[in-house]
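1. Provided below for reference: sequence and predicted model.
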Amino acid sequence: MKLKVIKSETEYKQALARLEEIFDAVPGTEEGDELELLSLLIESYETVHFPIDLPDPVEAIKFRMEQMNYKASDLAGIIGFRSRVTEILNRKRKLSLSMIRKINKKMNIPTDVLIQEY
């Protein structure tokens, strides 16, 4: 397949079909190099045409708490009082810069997610 920038839905579908054909290509081979380049072209097209919004900050915190088996008391150990945690999780209080930094460091939630309006 001749590789080029993907500019249409048809080209995108063709690229996906080719990707499926060569998916198990061995790295370092001609098909392996094609697979790598094709993946980059598809990713570039998808980034422009199918953008994914960042998750809601409170939902991201709740999701990460679930992943880490954290309770409200665990989050209180990171950002302060349990009552403050309740207010944040119920959207009655905004995250402060200090809280954002602590949550980012301890829970590994990107700051880009935490600084959004909610």
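-> Arrived safely.

2. Give the burial count for M107, as a bare number.
-> 19 (other CB atoms under 10 Å). Heads up, the C-betas are built off the backbone N, CA and C, glycines and all.

3. Apart from its neighbours in sequence, what residue is nearest it?
-> R64 (5.0 Å; CB to CB, 6 or more residues apart in numbering).

4. How about A60?
-> V113 (4.9 Å).

5. List the residues that contact the one you found.
-> 54-55, 57, 60 (CB atoms under 8 Å, 6 or more residues apart in numbering).

6. Which of those residues are buried? Put it as a PyMOL command.
-> Provided next is the PyMOL selection string for whichever of the contacts of V113 are buried by 16 or more other CB atoms under 10 Å:
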select buried, resi 55+57+60
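
7. export the contacts of V113 to a markdown table and tack on pLDDT and secondary structure?
-> As requested, those are exported to a markdown table (pLDDT from 0 to 100; DSSP: H, G, I helix; E, B strand; the rest coil):
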| residue | pLDDT | secondary structure |
| --- | --- | --- |
| L54 | 93 | coil |
| P55 | 94 | coil |
| P57 | 97 | helix |
| A60 | 97 | helix |
